[in-house]
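>>> Have a look at this prediction, sequence included:
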Amino acid sequence: MGSLKAILKHPDDFYPMLKLKMAARHAEKQIPPEPHWAFCYTMLHKVSRSFALVIQQLGTELRNAVCIFYLVLRALDTVEDDTSIPTEVKVPILIAFHRHIYDRNWHFSCGTKDYKVLMDQFHDVSTAFLELGRSYQEAIEDITMRMGAGMAKFICKEVETIDDYDEYCHYVAGLVGLGLSKLFHASGKETLASDSISNSMGLFLQKTNIIRDYLEDINEIPKSRMFWPRQIWSKYVNKLEDLKYEENSVKAVQCLNDMVTNALIHVEECLTYMYNLRDPANFRFCAIPQIMAIGTLALCYNNVEVFRGVVKMRRGLTAKVIDRTKTMSDVYGAFFDFSCMLKSKVDKNDPSATKTLSRIEAIQKTCRESGTLSKRGSYIITSEPRYNSALIVLIFIVLAILLAYISANRSNNI
């Protein structure tokens, strides 16, 4: 019933959602037959359905490398995330993880649900890793080593300053950007991007996740996970967990807006990175998550619900982004649309308002100077739902046929 209401409110989401559903089913059918590769791709679908969809666009060789790269780092992240593992056990595993990926027999039980399955059967990931080309292996090993060392460092270190925040995000996500650039280059399809803009691609995504996941992280059991830098939140509250209490709502939203403003500093380098990609499949693989990130920030900005539950883009809008992101013109258009949405929510009395507006203007200037905005319509963001009567009629016809089919089956069973 909820999905029907969403479609009726946003009828132009229907076709992209249908295409996304079909793409998901097609991706599941493309799982390789070899047991270790079947495990890797099945696990990829379970731990990140959205990533599993965008990765399918890559060529087979590069897709396999990126799949294993993602699972290795997801496993590393599972060790870091598990707050039940004693520090003296966790740190050596993080530091040595880059060596474990060469061991067909190594596994470590931690995490929960699908992540526990990934860790228990990590030997399948290692087996697949050892079948990759040497240049892919070297890139994955290098990034895993650097990320593990960085994670180990922050097990024993709080995120105090904005520099600490940037350093932490570099270790857990900026290095992913560097690694993907290395894999793209190893495939022969891209020139090697600079570390700076590769790092920004990761930082922008990671900071968006940290902002969106405040409540989940602060309520983590047995120990809270705190990634918002003290240099920002201490301007508003005495303790980071104070942001979730209703009596601090005004200060919490101001702090949130400060955090979003900080994340926006990476957008221009992200746009540069995407502009320089040559292969259409690589481009879409990178562009879709970046558009999702700016869209999520636009929804989170000035939104107290970040401290009450989960704030995320509706499924129909996600489907629309995936369906309509094909060229750099689409990226500029989406970033411009979402920055307009963000700008409309800025309260001139907010302590960060001047800095926020300055960063939004810089993003919009880059999008305008691309010369592509006048060639497209505002299809990502609409202030009011655009009702398409023909589509609504079609939906009701489909529903009527389904109901008739169900009724007929019931009659036959009586």
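Sure thing, it's come through.

>>> The closest residue to residue 121 other than its chain neighbours - how many residues pack around it?
Once flanking residues are discounted, residue 121 sits nearest to residue 39: 6.1 Å by Cβ to Cβ, 6 or more residues apart in numbering. To be clear about C-beta, it is placed using only N, CA and C from the backbone, and glycine gets the same treatment. Residues lying near residue 39 (other Cβ atoms under 10 Å) number 22.

>>> Distance of residue 39 relative to residue 127?
Using Cβ to Cβ, to the nearest Å, residue 39 is found at 9 Å from residue 127.

>>> now swap in residue 233 and tell me
As judged by Cβ to Cβ, residue 233 and residue 127 stand 44 Å apart.

>>> Check residue 340 too.
Distance of residue 340 to residue 127, given as Cβ to Cβ: 48 Å.

>>> can you list the domains in the protein?
Per automatic domain parsing, the structural domains of the chain span 32-157, 191-387.

>>> For stretch 257-269, list every residue counted as buried.
Neighbour counts using 16 or more other Cβ atoms under 10 Å place 257-269 of stretch 257-269 among the buried residues.

>>> sorry, back to before: out of the domains of the chain, which comes closest to residue 166?
The closest of the domains of the chain to residue 166 is domain 191-387. By Cβ to Cβ, the value is 6.8 Å.

>>> So for the closest one, mean pLDDT?
Averaging pLDDT along domain 191-387 gives 92.

>>> element containing residue 255, please.
If you go by DSSP states H and E, residue 255 is part of helix 249-263.

>>> chain center to that helix, what's the gap?
The chain centre lies 20 Å from the centre of helix 249-263; the measure is Cα atoms, centre = their mean, to the nearest Å.

>>> Beyond it, next helix or strand please.
helix 267-275.

>>> Would you tell me what the next helix or strand after that next one is?
helix 280-300.

>>> when you compare where that following helix runs with where helix 267-275 runs, what's the angle?
Helix 280-300 runs at 160 degrees relative to helix 267-275, counting by axes from the mean of the first three to the mean of the last three Cα atoms, to 10 degrees.

>>> that older thread, and the residue nearest to residue 121, backbone torsions?
In terms of degrees, to the nearest 10, the main-chain angles of residue 39 are phi -60, psi -50.

>>> pLDDT score assigned to it?
Confidence at residue 39, expressed as pLDDT, is 96.

>>> mind checking how far it is from residue 111?
Residue 39 sits 16 Å away from residue 111, going by Cβ to Cβ.

>>> Residue 218 too?
Distance of residue 218 to residue 111, computed by Cβ to Cβ: 20 Å.

>>> the more surrounded of those two?
Ranked by neighbour count (other Cβ under 10 Å), residue 218 and residue 111 place residue 111 first, with 21 against 18.

>>> Not counting residues beside it along the chain, what's closest to that one?
Once flanking residues are discounted, residue 111 sits nearest to residue 78: 4.1 Å by Cβ to Cβ, 6+ apart.

>>> quick one: that neighbour and residue 115 touch, right?
Yes. Residue 78 lies in contact with residue 115 (Cβ atoms under 8 Å); the separation is 4.6 Å.

>>> what helix or strand is the residue nearest to residue 111 on?
Using DSSP H and E, residue 78 sits within helix 60-81.

>>> C-alpha coordinates for that helix, PDB please?
C-alpha atoms of helix 60-81 as PDB (Å, rounded to 0.1, in the frame of the first residue of the first chain):
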ATOM      1  CA  THR A  60      33.800  -8.700 -16.900                       C
ATOM      2  CA  GLU A  61      37.500  -8.400 -16.000                       C
ATOM      3  CA  LEU A  62      37.100  -5.000 -14.200                       C
ATOM      4  CA  ARG A  63      33.800  -6.100 -12.700                       C
ATOM      5  CA  ASN A  64      35.400  -9.100 -11.000                       C
ATOM      6  CA  ALA A  65      38.300  -7.000  -9.700                       C
ATOM      7  CA  VAL A  66      35.900  -4.300  -8.300                       C
ATOM      8  CA  CYS A  67      33.700  -7.000  -6.800                       C
ATOM      9  CA  ILE A  68      36.600  -8.600  -4.900                       C
ATOM     10  CA  PHE A  69      37.900  -5.100  -3.900                       C
ATOM     11  CA  TYR A  70      34.600  -4.200  -2.400                       C
ATOM     12  CA  LEU A  71      34.200  -7.500  -0.500                       C
ATOM     13  CA  VAL A  72      37.700  -7.400   0.900                       C
ATOM     14  CA  LEU A  73      37.200  -3.800   2.200                       C
ATOM     15  CA  ARG A  74      33.700  -4.700   3.400                       C
ATOM     16  CA  ALA A  75      35.200  -7.600   5.400                       C
ATOM     17  CA  LEU A  76      37.900  -5.300   6.800                       C
ATOM     18  CA  ASP A  77      35.200  -2.800   7.700                       C
ATOM     19  CA  THR A  78      33.200  -5.600   9.400                       C
ATOM     20  CA  VAL A  79      36.200  -6.200  11.700                       C
ATOM     21  CA  GLU A  80      36.500  -2.500  12.500                       C
ATOM     22  CA  ASP A  81      32.700  -2.100  13.000                       C
END
